[in-house]
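Undergrad: next one to model:
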Amino acid sequence: MRMVWGLLLCSATAALRLPPTAVKSLTSGPGYAVLENFLAPDHVALLHSDVAHLSSSGRFKAAGVGDASTNRVAKDVRVCESCFLYPRLKYEADGDGAAREMLYPLLDGLRTDLQAGTGVELSGLLTEGAYMSYPNGGFYKRHIDSYPNTPQEIRRFSYLLYCNEDWQPEHGGCLRIHLDGGVEEAPAGAAPSYVDVEPRAGTLVVFRSDVPHEVLETSAKRLAIAGWFNAPPEGSAGRRSTIAALAGALVVGSVVKFGLLGGGDGT
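TA: Okay, here's the model as predicted:
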């Protein structure tokens, strides 16, 4: 019965599309789009079931910063735990089956809509994603998700799906998208310019991976799915580099390591 419910939700999810106005804002607008109530409460409930299953199995680990070769826990930069959803072939059987039957087609649809609407080629094989759980006091300082001359440079669009059903303003934990023209820091003398996005359940956020952002400190547990839609690597050398980076995803230790997850993993 539960699987039938999941399949029905999966069918409903297939109808969820990125509106043209959202896609336009990524290319000729401010570089981000926020869609409140994108996921229905039943979809969010499925994701919570998935997370409960993963938590009981001890699958969440301290999230680090840096790429596969430099990954480390840096609690002055980030306090968060993560559990990977990709590479799909490795992780799709780990959680709640009904939840995954809903989630993976949803993310594939978002990638297809982005590629069709922006003209940017995106590789379904290289999609990234993970659950990100911020505890009371969790945060992530300002950063970007796509760094030149690193495995992350193929990231084109970052996405977030929030799962916080009872979020209140006093809980904090907003996503702050910086619009001051800087990167990891604001330009000297620039006036503050940013948008804060409340992490309410069902909200979808998509933004260009070179847009600086941060997670403000939270005073309640904060849950999201965070990930990236990536361009295919250029040339054989780039392809070998990416494959080597993805191999880092298979390393499991005290710090979660994922070849393409680095300074920007886990918004």
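Undergrad: where does the stretch 1-150 of the chain have low pLDDT?
TA: In the predicted model, the stretch 1-150 of the chain carries pLDDT under 70 at residues 1-15, 64-74.
Undergrad: how about the strands of it, start to end?
TA: 32-35, 61-62, 78-79, 81-84, 123-134, 139-143 (DSSP state E, counting those that start in this stretch).
Undergrad: what pairs with the first one, parallel or antiparallel?
TA: Paired with strand 32-35 in the same sheet, following DSSP bridges, are strand 204-208 (antiparallel).
Undergrad: buried residues in the helix or strand following the strand it pairs with?
TA: On the C-terminal side of strand 204-208, the nearest following helix or strand under DSSP states H and E is strand 213-215. In terms of neighbour count (16 or more other Cβ atoms under 10 Å), strand 213-215 has its buried residues at 213-215. In this view, the C-beta of every residue, glycine as well, is placed from N, C-alpha and C.
Undergrad: go on, stretch 133-143?
TA: Residues of stretch 133-143 classed as buried by neighbour count (16+ other Cβ under 10 Å): 133-134, 138-140, 142-143.
Undergrad: which outside residues touch that stretch?
TA: By Cβ atoms under 8 Å, 6 or more residues apart in numbering, the residues outside stretch 133-143 that reach it are 51, 60, 77-83, 173, 176, 178, 184-185, 212-223, 263-264, 266-267.
Undergrad: which of the residues you listed are buried?
TA: Applying 16+ other Cβ under 10 Å to the contacts of stretch 133-143, the neighbour count classes 51, 60, 77-83, 173, 178, 212-218, 220, 222-223, 263-264, 266-267 as buried.
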